[in-house]
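Participant: Any chance you can model this:
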Amino acid sequence: MDKILSMRIFSRVVETGSFSAVAEHMNCSTGSVSRAVSSLEDQLRARLLQRTTRRVSLTEPGERYYQKCKKILADLDEAEAEAGDAHTCARGTLRVHCVTDLGLGQLTHSIIEYRKRFPAVAVQLKFLPRMANLLEDEVDVSIVSAPTLPDSRNVCKLIGQSERVLAAAPAFVQTHRIESVSDLDEHALTPVPFQVEPGGHQTRLSLVKPAAHDAGGQFVINDIEATRIAALAGAGVAALPAHCIDDDIRAGRLVQLFPESRLQNTSVFAVYSCRHHVDAKIKTFIDFLTSHLREALDRGFLNGRRRETFSRLARVVENV
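Facilitator: Next up is the predicted model:
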C-alpha cells in the first residue's frame with residue numbers, strides 16, 4: 001500500500017480512536033485499515049499502537065511518529081492546494097523577457113498596471129536584444145517583435161502590430177535638406193535601407209534589418225529609447241516604433257517624414273511554453289497585455305482598413 005495513504009490511515013485511527021470508524025469513512029474494510037497500520041509498523045520495526053477490544057492508544061514511538069506524520073501530511077495538503085490553485089489564482093513570480101526594439105516605456109507601463117490588478121504576482125522583467133530561449137533563459141513569457149516567428153513547440157499569441165515611422169526634430173528638418181529617401185542615409189540614427197515597392201497610388205518603403213556596417217550616418221544607435229532621445233535632441237532621422245513616439249509627434253517635438261509612405265510593420269507576439277494547464281499568472285498577464293499593449297500599439301496610427309486586416313490576422317494566428 002502507498003506509504004502516504006498508510007500514514008493518512010494511521011493518523012485518522014489515532015484521531016478517531018477506532019479502526020472501524022476510519023474504515024467506514026474511507027468505505028473500505030476494517031481489515032484493510034488494520035493492514036495499513038501493520039505495514040507501517042513492519043517497515044519501521046516499531047509498534048505504533050496498543051490495541052485492545054475497547055480502545056486504541058499510541059505507544060511512545062507511535063506518538064513521535066504521529067506528530068511527524070501530522071506535519072508531513074499538512075505540508076503535503078498545502079502544497080497540493082497551492083498547485084491546484086495555480087490555474088485559477090494568479091500569484092508567485094512571473095519572469096518576463098522583452099526584445100529591446102519594442103521600446104521600454106509601453107511594456108513597463110503595462111506591467112505596472114498589471115501589478116496594480118494582480119498584486120500577488122511579482123514580475124521580473126529583463127530586456128534582451130534577441131529572442132529568448134524560454135528554458136535556458138528561465139523565462140515564463142517572452143514578448144518579441146518580428147515579421148514572423150520560427151517554428152517551435154512554444155505557444156505564440158499575436159498581441160498587435162508595431163509600425164515604424166521616420167521621424168526627426170522640427171529644427172533638424174528645417175536645417176537639413178531631406179527631399180527623398182536617398183537623402184536619409186547620411187542623417188540616419190538607425191540604419192534605414194529601403195526596398196521601394198510600388199503599391200497602387202502609394203509607394204511602400206520596406207525596412208530591412210541591415211548588418212551594422214551598412215549604417216551610413218555619423219551617429220548610429222542600436223537602442224530604441226536612446227535613439228528617441230537623440231532624435232528629440234535634433235541629432236538626426238530615425239525609424240522608430242510609432243507607439244514609442246506617438247506623444248512626441250502629437251506634441252510637435254518630432255515630425256514624421258514621408259507620411260504618405262509606410263515602413264514594413266512587425267508583429268508583436270507573446271510566447272510561452274505550453275497550451276495546457278497554463279499557470280494563472282501567465283494567462284492573466286497575456287490577457288492583460290493583449291488588451292493594454294495592443295491599445296498602445298494601435299493608438300493614432302492604425303486606420304480602419306489596417307485594423308480590419310490585423311483582426312483577420314489575429315484570428316488566423318490564434319486558431320493555429
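Participant: What segments of this protein are strands?
Facilitator: Here the chain has its strands, by DSSP state E, at 49-51, 56-58, 92-99, 121-128, 141-146, 155-162, 164-168, 194-199, 202-207, 238-241, 255-257, 266-272.
Participant: Relative to R294, which of those strands is closest?
Facilitator: Nearest to R294 among the strands of the chain is strand 155-162 (4.1 Å), distances taken as C-beta to C-beta. Placement of C-beta: from N, CA and C, glycine included.
Participant: Adjacent strands (with direction) for that closest one?
Facilitator: strand 266-272 (antiparallel) (DSSP bridges).
Participant: Adding distance to S18, mean pLDDT and mean neighbour count, write the strands of the chain out as CSV.
Facilitator: Shown next, in CSV, are those (distance: least, C-beta to C-beta, whole Å; pLDDT from 0 to 100; neighbours: other C-beta atoms under 10 Å):
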stretch, distance to S18, mean pLDDT, mean neighbour count
strand 49-51, 11, 89, 14
strand 56-58, 7, 90, 15
strand 92-99, 41, 90, 20
strand 121-128, 46, 89, 15
strand 141-146, 52, 86, 21
strand 155-162, 52, 84, 20
strand 164-168, 75, 87, 25
strand 194-199, 84, 51, 12
strand 202-207, 78, 49, 16
strand 238-241, 71, 86, 24
strand 255-257, 82, 90, 17
strand 266-272, 50, 86, 22
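Participant: okay, these in TSV with distance to L293 next?
Facilitator: Shown next, in TSV, are the strands of the chain (distance: least, C-beta to C-beta, whole Å):
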stretch	distance to L293
strand 49-51	62
strand 56-58	60
strand 92-99	10
strand 121-128	13
strand 141-146	8
strand 155-162	6
strand 164-168	16
strand 194-199	27
strand 202-207	21
strand 238-241	12
strand 255-257	22
strand 266-272	7
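Participant: Residues contacting the longest helix seen in the chain, please?
Facilitator: Looking only at the chain and at elements set by DSSP state H, the helix with the highest residue count is helix 60-84. By C-beta atoms under 8 Å, 6 or more residues apart in numbering, the surrounding residues in contact with helix 60-84 are 4, 7-8, 10-11, 14, 40, 44, 46-49, 58.
Participant: Just the buried ones from the residues you listed?
Facilitator: 7-8, 10-11, 14, 40, 48-49, 58 (16 or more other C-beta atoms under 10 Å).
Participant: From the residues you listed, pick the one nearest S267.
Facilitator: Closest to S267 out of the buried ones among the contacts of helix 60-84 is R8 (51.9 Å), distances taken as C-beta to C-beta.
Participant: Count the residues that sit near the closest residue to that closest one other than its chain neighbours.
Facilitator: Leaving aside its sequence neighbours, R8 sits nearest to L73 (C-beta to C-beta, 6 or more residues apart in numbering; 6.3 Å). If you count neighbours by other C-beta atoms under 10 Å, L73 ends up with 14.
Participant: any idea how far L73 is from R12?
Facilitator: Distance of L73 to R12, computed by C-beta to C-beta, to the nearest Å: 10 Å.
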